[in-house]
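A.B. asks: Predicted coordinates and the sequence they were generated for:
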Amino acid sequence: MAQIPSLLEEAVKRLSEKEKGWKEFLPKPGAPQPDSAGRAQNMQPAAGMSGGDLAEPDYKARTYHARKTLKSTDGLLTWLYDPIKTVSMVDAKNNPVTLTFAEPKT
């Protein structure tokens with residue numbers, strides 16, 4: 001079954017016939033790449049470094065910046081949120097690790 005071109009594809013095709021440079025936006029023939037999952041190896045840390053995998057033993061230990069207000073562009077919706085300031089974690093060797101986040105500007 002032949003695929004029906006979209007209006008956008010048709011418009012780009014017409015532009016590519018009139019204007020130089022638009023041909024690079026046309027789809028290239030060929031087989032699509034198959035889906036794949038990204039993954040990385042959990043490497044052994046160098047001597048003196050953290051133990052790798054991080055875990056947050058108690059989410060209640062988080063600290064927060066002052067409450068912020070975020071409004072939608074039309075002003076109809078308003079969100080109040082508490083930006084996270086610090087998260088206390090431990091690594092695989094039970095060493096404490098603290099993540100500190102800057103205060104948001106908006």
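C.D. replies: On my side now, so go ahead.

A.B. asks: buried sites along stretch 75-89?
C.D. replies: Neighbour counts over stretch 75-89 (16 or more other CB atoms under 10 Å) mark 87-89 as buried. Using the backbone N, CA and C atoms, a C-beta is placed for each residue, glycine as well.

A.B. asks: For that stretch, what is the distance to the chain centroid?
C.D. replies: 18 Å (CA atoms, centre = their mean, to the nearest Å).

A.B. asks: Contacts for that stretch, please.
C.D. replies: Identification of contacts with stretch 75-89 by CB atoms under 8 Å, 6 or more residues apart in numbering yields 54-58, 61-65, 67-72, 96-101, 103-104.

A.B. asks: Could you list which of those belong to strands?
C.D. replies: Under the assignment DSSP state E, the contacts of stretch 75-89 contribute 63-64, 68-71, 96-100 to strands.

A.B. asks: Let me have those residues in CSV, extended by distance to residue 80 and neighbour count.
C.D. replies: Conversion of those to CSV gives the following (distance: CB to CB, whole Å; neighbours: other CB atoms under 10 Å):
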residue, distance to residue 80, neighbour count
63, 18, 13
64, 12, 13
68, 7, 15
69, 6, 9
70, 8, 11
71, 10, 11
96, 31, 10
97, 29, 14
98, 26, 10
99, 23, 13
100, 23, 9
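
A.B. asks: Would you mind listing the two of these that lie farthest apart?
C.D. replies: Using CB to CB, the two most remote members of those are 71 and 96, lying 37.7 Å apart.

A.B. asks: SS state for the closest residue to residue 54 other than its chain neighbours?
C.D. replies: Sequence neighbours aside, residue 89 is the residue nearest to residue 54 in space, at 4.5 Å (criterion: CB to CB, 6 or more residues apart in numbering). Per DSSP: H, G, I helix; E, B strand; the rest coil, the secondary structure class of residue 89 is strand.
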